[in-house]
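# the following block contains a protein sequence and its predicted model.
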Amino acid sequence: MHYSACILLLLTGLLCTCDRAQTNAEASTTEVGEQQRPNVIFIMDDQHRWDAIGKINPQVITPTLDGMMADGVSFQQAVCQAPMCVPSRNSIMFGMYPSQTGVFRNSGGVKDGELPGKTMAQYFQEAGYETAGFGKAHWGKYKTDTRGFETRYTSEIPEVGGVTMAQVDAEKKARYDVEVEPMGPGEENNVGYLGFTSELPEGDHRDGWINEKAIEYVRGREDERPLFFYLSYMKPHAGHNPPAGYEGKYDLDEITYAVQPPWSVDYSPHANGVNRREMYEGFWKDATEEQWKLMTMRYYANITWIDDMLGRTLRELEKKGILENSIIVYTADHGEMLGEHYYRFNKYCLYDASVRVPLIITGSALAETMQRGTVDNRAVDLVDVLPTLLEAAGIAGAPDLPGHSLLQPAAREGSFSALHEREGEAAFMWRTQNDKLILVFNRDADPHNYGPNDIIAGEFYDLRADPNEWVDLYGKDKISELQAAYTEQILSTLGAM
């Protein structure tokens, strides 16, 4: 309790008592004075479900994130634009949909010199910010430069001009690789999901190493320019191997886990065959209750670990005075199914556990029009993050960016996401707080070419009556008007890209 109270005091006390910078609707067109520009702190992690935060799910221990929610605004209907790492992260960093970046799958990417626009870091660098990036960007299959980051540390994928864990701490990286080898590629086979308590110190873990480098940078920083600070963790993505001390915060008997639908086979028309089903289903159908609880608890323990590291980093930023004039954003690239929807793990589908993500905006420079400690249930796409941060800093974004600043009144009727994981098909989602339509099309390289005649399957869910998305209403008379309206929304969204 003492630790939680300290973090909450930090985030609801120290941040609240800082001078609050004025941010308003004119910020996107009026230059903000150099000394007034807020420091921008952008934090994200990997595969973090929207509901895996203590204030939403009391099973999860997240005092830092709870404090950020208490002092900021939580956008609880936020969705990613593609439920997998590479296309989602490109979408966030360019502020564009996958059909605009051209990055549709984890096997994709964009070469340097052929970028579809400026990256988030490039916007801030060109506007006179110091830019420092720590952790995963995952631009894709091509080797890249740092794309706007002046200081750059990554744990895995090297960037020209950056520093990797293997380059400067090869022994630590090697020890970590040996420990997770049984978890398979991506640490996400069944051993990776069931997990175990790591025998390594935090600094041998990739996220622990990144957090150490971020804190070292903050302590030594002397630059007088405003700061764009990017911190990106690789967990809670499997493997579930948190360092010692975090699992012990949980009572295994109190952990609840995925409830399965009353099916004998999977029903996922838009995402059949893209989830390594043979590997997961065969194991988890026969798993014991203890194994289900351990898997779920260790996922939460990874989140608690990240929350702890984030709290430490925020304390260092506060000590350095960086939070005195700052806007802070926390989000994730996509969610995690955790065995829901008939033994479905990881992502690669358009169900809520996969596409919905946490999104919290806080900081001393939060616009005074935004009420602290509130939940905002407007429709939000993660392409909205870039224009939000640009407006807060008084930086003009490209006029064709599709996102909407969240500092302004709600501008969306629904949210849009895409899945291009099945050969020859593309699935698109239109989601409101109440309902969801998923349409499967014969794939076309040009988003403007999709039309009603290209639709080959669909799903429709009443999210109020059926939050598990088990009862498909597609084609039913009672939702025919909504289905037609949402179909038009999908087509018009694609046509505008």
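Yes, it's here. Numbers count the residues shown, from 1 in each chain.

# pLDDT below threshold where in the stretch 51-200 of the chain?
With pLDDT under 70 as the threshold, the stretch 51-200 of the chain has no low-confidence stretch at all.

# show me the chain divided up by domain.
Annotated domains of the chain cover 2-17+38-413, 423-497 [automatic domain parsing].

# out of those, which is the most enclosed?
Highest mean neighbour count of the domains of the chain: domain 2-17+38-413, a mean of 20 (counted as mean count of other CB atoms under 10 Å). In this view, the C-beta of every residue, glycine as well, is placed from N, C-alpha and C.

# can you show me the strands along the stretch 301-450 of the chain?
Assigned by DSSP state E, counting those that start in this stretch, the stretch 301-450 of the chain shows strands spanning 326-332, 359-362, 374-376, 380-381, 415-419, 425-431, 435-442.

# export those to TSV and tack on mean pLDDT?
As requested, those are exported to TSV (pLDDT from 0 to 100):
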stretch	mean pLDDT
strand 326-332	98
strand 359-362	98
strand 374-376	98
strand 380-381	98
strand 415-419	98
strand 425-431	97
strand 435-442	98
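
# out of those strands, which gets nearest to Lys141?
Smallest distance to Lys141 across the strands of the stretch 301-450 of the chain (CB to CB): 18.9 Å, for strand 415-419.

# partners of the closest one, with directions?
Strand 415-419 has the following strand partners under DSSP bridges: strand 425-431 (antiparallel).

# and the angle for the strand it pairs with with strand 435-442?
Interaxial angle of strand 425-431 relative to strand 435-442 (axes from the mean of the first three to the mean of the last three CA atoms, to 10 degrees): 160 degrees.

# how distant is strand 425-431 from the center of its chain?
Put simply, strand 425-431 sits 19 Å off its chain's centre (CA atoms, centre = their mean, to the nearest Å).

# got a list of contacts for it?
Identification of contacts with strand 425-431 by CB atoms under 8 Å, 6 or more residues apart in numbering yields 77, 79, 270-271, 350, 355, 379, 414-420, 436-444, 450, 456, 463, 486-487, 489-490, 493-494.

# quick check: Ser107 touching Lys141?
Yes: applying CB atoms under 8 Å, one finds Ser107 in contact with Lys141, separated by 6.3 Å.

# for the stretch 1-150 of the chain, what spans make up the strands?
Going by DSSP E, counting those that start in this stretch, the stretch 1-150 of the chain shows strands at 39-46, 73-75, 78-79, 130-135.

# of those, which is nearest Pro387?
With CB to CB as the yardstick, what comes closest out of the strands of the stretch 1-150 of the chain is strand 39-46 (12.9 Å).

# contacts made by the closest one with the rest, please.
Here strand 39-46 has contacts from 85, 92, 120, 124, 129, 136, 226-237, 303, 306, 310, 317, 322-323, 325-333, 363, 385, 389, 392-393, using CB under 8 Å, 6+ apart.

# can we see that at 6 Å?
Strand 39-46 is contacted from outside by 226-234, 237, 306, 322, 326-333, 389, using CB atoms under 6 Å, 6 or more residues apart in numbering.

# export the strands of the stretch 1-150 of the chain to CSV and tack on distance to Leu338?
Listed next are the strands of the stretch 1-150 of the chain as CSV, based on distance: least, CB to CB, whole Å:
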stretch, distance to Leu338
strand 39-46, 14
strand 73-75, 21
strand 78-79, 18
strand 130-135, 23
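
# out of the ones you listed, nearest to Tyr280?
Nearest of the strands of the stretch 1-150 of the chain to Tyr280, taken as CB to CB: strand 39-46 at 18.7 Å.
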